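Show me the folded form of this:
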Amino acid sequence: MSDARTPAQIEADIVRRRDQLAETLDEIGIRVHPKTIIGDAKAKVTSTVDHTAGRAFVAVNRTVSGVKARFTHDDGAPRLERVVPVALVAVALVGLIAMSSRKRKG
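Numbering: from 1, shown residues only. Prediction:
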């Protein structure tokens, strides 16, 4: 077998490589276009924000579930031995705040 190529084969190879080069240049042009760069940056920021928001949601949900578990039984009924003292402290704090705001006004 001979490695010699015919002029037609060489020409076809040149045309094929020219088309590949044109495609590559088009892809590079699209990648470095400002709209593409901005779009990629926006997508990255959006992904980061979504990921962070998702992690924050999971953390808050875990905390709320933990607090709820402390103040309710497994069947969902409130644990009065824990709810009543917290409610009394909350009422006392609201009362103190109300009294202090009256003193400042009067």
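
Tell me which helix or strand comes right after the helix or strand hosting residue 17.
Taking DSSP states H and E as the criterion, the element that holds residue 17 is helix 7-32. Using DSSP H and E, the helix or strand that directly follows helix 7-32 along the chain is helix 34-71.

Give me the mean pLDDT for the helix holding residue 17.
Per-region confidence: helix 7-32 scores 95 on mean pLDDT.

Over to stretch 55-74?
What stretch 55-74 shows for mean pLDDT is 94.

List the contacts of it.
Residues outside stretch 55-74 that contact it (Cβ atoms under 8 Å, 6 or more residues apart in numbering): 78, 79, 82, 83, 86. No exception for glycine: its C-beta is placed from N, CA and C like everyone else's.

Let's have the residues you listed in TSV, adding pLDDT and secondary structure.
As requested, the contacts of stretch 55-74 are exported to TSV (pLDDT from 0 to 100; DSSP: H, G, I helix; E, B strand; the rest coil):
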residue	pLDDT	secondary structure
78	91	strand
79	91	coil
82	91	helix
83	91	helix
86	91	helix
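
Which among the residues you listed count as buried?
If you count burial by 16 or more other Cβ atoms under 10 Å, none of those comes out as buried.

starting at the chain centroid, how far to the helix holding residue 17?
A distance of 40 Å separates the centroid of the chain from that of helix 7-32, by Cα atoms, centre = their mean, to the nearest Å.

And stretch 4-15, by the same measure?
Per Cα atoms, centre = their mean, the displacement of stretch 4-15 from the mean C-alpha position of its chain is 53 Å.

for stretch 81-89, same thing?
37 Å.

With stretch 35-49 instead?
Centroid separation for stretch 35-49 versus its chain: 12 Å, with Cα atoms, centre = their mean.

Equivalent analysis for stretch 56-71, please.
Per Cα atoms, centre = their mean, the centroid offset for stretch 56-71 relative to its chain is 20 Å.

Start at 373, not 1
Sure, I'll start counting at 373 from here, so that last one is stretch 428-443.

Check for me that residue 447 belongs to a helix.
No: assigned with DSSP: H, G, I helix; E, B strand; the rest coil, residue 447 falls outside any helix and is coil.

Pull the number of nearby residues for it.
Neighbourhood size, residue 447 [other Cβ atoms under 10 Å]: 5.
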